[in-house]
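J.: Have a look at this prediction, sequence included:
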Amino acid sequence: MKSSSHLTVGNGPPCRERSHIPPYAFSLWDWINAVCISQKSDFFTLYPTRAVWYVCATRRMIQHATQWLVKNGWLVVSKAPHRGIGGAGTYRVVRHAEWVQRHGFKKCIKHAYDDAGEQIS
């Protein structure tokens, strides 16, 4: 399993996951990716409380980042989360090469995000 793939757009810098994901969501994606690599797996069970400790974010920020990552194709839901005991969701992490296959190389342009996570034109 490769940790991530890098594409170069024109003469610019390599395009990576970080180029497409706003900072608040990238910190969660990066942590999930690192755990998957260390466990030699593409699947990750997300316990929001544990994520709060490791990503240094609030539970609400973790939920918002998770929703953004799923909506934009960086996490694929394998087991949907639900409230209560055993309610943690399981996700498959999507790395850059797979994301490009689904969304196209034209989206591989360095994007800039402000502190609120909004894309800057």
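T.: Done, it's in.
J.: For the protein, which residue occupies the most central location?
T.: Nearest to the geometric centre of the chain sits Trp29, at 3.2 Å (C-alpha atoms, centre = their mean).
J.: Tell me the predicted confidence for that one.
T.: According to the prediction, Trp29 has pLDDT 93.
J.: and what of Asn72?
T.: pLDDT, Asn72: 93.
J.: what does the one 10 residues further on give?
T.: Looking at His82, its pLDDT reads 74.
J.: a strand runs through it, doesn't it?
T.: No - applying DSSP: H, G, I helix; E, B strand; the rest coil, one finds His82 to be coil, outside a strand.
J.: Can you report phi and psi for it?
T.: Note on His82: backbone dihedrals following degrees, to the nearest 10 are phi -150, psi 160.
J.: do the same with Val77
T.: The phi/psi pair for Val77 (degrees, to the nearest 10) is phi -70, psi 120.
J.: which residues does it bridge with?
T.: In this entry, Val77 is beta-bridged to Tyr91, by DSSP bridges.
J.: Hmm, it is touching Val94, no?
T.: No - contact criterion C-beta atoms under 8 Å: Val77 and Val94 do not qualify, at 11.4 Å. Just so you know, the C-beta spots here come from the backbone N, C-alpha and C atoms, and that holds for glycine as well.
J.: The two: which has the busier surroundings?
T.: With neighbours defined as other C-beta atoms under 10 Å, Val77 and Val94 compare such that Val94 has more, 22 against 12.
J.: got the buried residues for the helix ranked longest in the chain?
T.: When the chain is parsed with DSSP state H, its longest helix is helix 23-39. With burial defined by 16 or more other C-beta atoms under 10 Å, the residues of helix 23-39 counted as buried are Tyr24, Ala25, Phe26, Ser27, Leu28, Trp29, Trp31, Ile32, Asn33, Val35, Cys36, Ile37.
J.: any idea how far the first one lies from Gly89?
T.: Using C-beta to C-beta, to the nearest Å, Tyr24 is found at 18 Å from Gly89.
J.: before we move on, what about Trp68?
T.: Distance, Trp68 to Gly89, using C-beta to C-beta: 14 Å.
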